[in-house]
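Student: this one's structure only:
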Ligand code: SAM
Ligand code: SF4
């Protein structure tokens with residue numbers, strides 16, 4: 001079992017398989033001047049599988065595949081099939097923008113993917129296009145439906161709180177939890193990289209709107225499967241739940257259980273810290289599994305007790321944007 005310097009058990013690895021994306025979300029990717037990794041800078045699937053096997057021997061049983069957009073990387077279904085074959089992997093999830101999901105949900109399920117999180121920040125076509133740079137809301141909503149039908153469940157919707165989310169979006173999303181066993185999660189925007197985003201409704205305002213909308217009172221609910229920091233609530237008689245993820249207003253660092261692996265082979269012990277440890281050089285230089293594992297142990301020692309983003313210090317200093325880490 002792996003523990004960091006603060007005694008936290010680390011059993012969850014988030015793997016970014018590409019920095020490429022078919023969207024340009026304003027809070028994630030700069031509109032211009034994005035420099036993308038060359039093909040040979042990106043870890044091969046074999047290299048990633050080696051890491052999953054190795055960390056599996058040390059208690060890492062939860063894997064999330066992210067990006068950029070993971071579904072744009074060639075061979076992703078076969079890769080999922082190979083991750084699934086690794087016995088230590090007990091929970092295999094993916095975060096996707098959903099635009100390609102309707103055509104791939106069945107294949108992903110058959111390959112062994114357990115569940116998906118789909119990002120959708122508004123259900124208004126115009127505001128969706130403004131925030132993502134693409135007019136693909138229809139495809140995303142179809143992807144969500146197919147994911148539920150394919151039982152990539154629990155399907156979770158990631159809604160970043162920006163000015164794109166209006167009250168009518170909020171109520172539409174909340175209503176979906178009545179008819180479908182989905183989890184709608186409202187996520188505080190993390191001000192990474194001076195992208196000039198105005199945060200939208202805050203958690204208190206959202207709860208207030210829901211409570212006033214006549215659905216009944218939100219009841220705390222901890223029945224949802226997940227590895228993360230969301231706090232869940234359910235409306236009376238709803239199939240699904242509503243979650244809140246508050247990295248800024250109420251950080252959850254003391255219960256952090258994760259490491260991240262970037263597409264170019266760097267271990268990041270914290271999303272909001274620049275420290276990185278290169279494992280690609282070790283792997284491509286013929287490093288042994290013991291040498292590779294030592295690099296992970298070093299990352300664990302560097303993992304901070306908590307981030308300082310709410311104090312406003314780090315946002316300008318962070319070297320990576322979200323699409324280069326995977327959220
Ligand atoms: N392309 C996939 C997607 O959009 O779901 C996976 C990668 S994306 C970087 C992972 C998650 O990070 C998404 O849910 C996205 O909304 C979220 N995200 C990106 N930038 C963010 C920011 N500045 N603050 C909060 N969440 C952010
Ligand atoms: Fe792409 Fe996801 Fe970033 Fe949007 S949030 S630009 S879909 S990686």
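Tutor: On my side now, so go ahead. Remember, it's a predicted structure, so these values are computed and weren't measured experimentally. Ligands and ions are numbered 1, 2, ... in the order given.
Student: up against ligand 2, what does the stretch 51-200 of the chain have?
Tutor: 67-69, 97, 119 (Cβ under 6 Å from any ligand atom). In this view, the C-beta of every residue, glycine as well, is placed from N, C-alpha and C.
Student: which among the residues you listed end up buried?
Tutor: 67-69, 97, 119 (16 or more other Cβ atoms under 10 Å).
Student: can you put those residues in a markdown table and add pLDDT and secondary structure?
Tutor: Shown next, in a markdown table, are these (pLDDT from 0 to 100; DSSP: H, G, I helix; E, B strand; the rest coil):
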| residue | pLDDT | secondary structure |
| --- | --- | --- |
| 67 | 96 | coil |
| 68 | 96 | coil |
| 69 | 98 | coil |
| 97 | 98 | coil |
| 119 | 98 | strand |
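Student: out of those, what pair is the most spread apart?
Tutor: 68 and 119 (12.2 Å; Cβ to Cβ).
Student: and of the residues of the stretch 51-200 of the chain next to ligand 2, the nearest to ligand 2?
Tutor: residue 97 (3.6 Å; Cβ to the nearest ligand atom).
Student: contacts only, for that closest one.
Tutor: Residue 97 makes contacts with 21-23, 25, 69, 118-119, 132, 140, as judged by Cβ atoms under 8 Å, 6 or more residues apart in numbering.
Student: and residue 266, by the same measure?
Tutor: Contacts of residue 266 (Cβ under 8 Å, 6+ apart): 276-280.
Student: please report how far it lies from residue 42.
Tutor: Distance, residue 266 to residue 42, by Cβ to Cβ, to the nearest Å: 12 Å.
Student: also residue 170?
Tutor: 37 Å.
Student: over to residue 131?
Tutor: 27 Å.
Student: residue 59 now?
Tutor: Residue 59 is 27 Å from residue 42, by Cβ to Cβ.
Student: what's in contact with stretch 165-179?
Tutor: 121-124, 127, 157, 159, 182-184, 186, 200-201, 206, 209-210, 213, 215, 234-235, 237-242.
Student: among those, name the ones in strands.
Tutor: Judged by DSSP state E, strands contain the following of the contacts of stretch 165-179: 157, 159, 183-184, 186, 234, 241-242.
Student: what's residue 72 in contact with, if anything?
Tutor: Contacts of residue 72 by Cβ under 8 Å, 6+ apart are 18, 20-22, 100.
Student: model confidence for it, exactly?
Tutor: pLDDT recorded at residue 72 is 98.
Student: on that earlier part again, tabulate the contacts of residue 97 (CSV), appending secondary structure.
Tutor: Formatted as CSV, the contacts of residue 97 follow (DSSP: H, G, I helix; E, B strand; the rest coil):
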residue, secondary structure
21, coil
22, coil
23, coil
25, coil
69, coil
118, strand
119, strand
132, helix
140, helix
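Student: is it possible to get JSON lines of the residues you listed that adds distance to ligand 1?
Tutor: Below are these laid out as JSON lines (distance: Cβ to the nearest ligand atom, whole Å):
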{"residue": "21", "distance to ligand 1": "6"}
{"residue": "22", "distance to ligand 1": "9"}
{"residue": "23", "distance to ligand 1": "7"}
{"residue": "25", "distance to ligand 1": "6"}
{"residue": "69", "distance to ligand 1": "4"}
{"residue": "118", "distance to ligand 1": "7"}
{"residue": "119", "distance to ligand 1": "4"}
{"residue": "132", "distance to ligand 1": "9"}
{"residue": "140", "distance to ligand 1": "10"}
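Student: quick one, helices of the stretch 201-327 of the chain?
Tutor: 203-212, 280-284, 289-302 (DSSP state H, counting those that start in this stretch).
Student: against which helices or strands is the longest one packed?
Tutor: So that's helix 289-302. strand 2-3, helix 45-56, strand 258-261, strand 266-268, strand 277-278, helix 280-284 (3 or more Cβ pairs under 8 Å, 6 or more residues apart in numbering; DSSP states H and E).
Student: out of those, nearest to ligand 1?
Tutor: If we rank these by Cβ to the nearest ligand atom, the stretch that ends up nearest is strand 258-261, at 11.1 Å.
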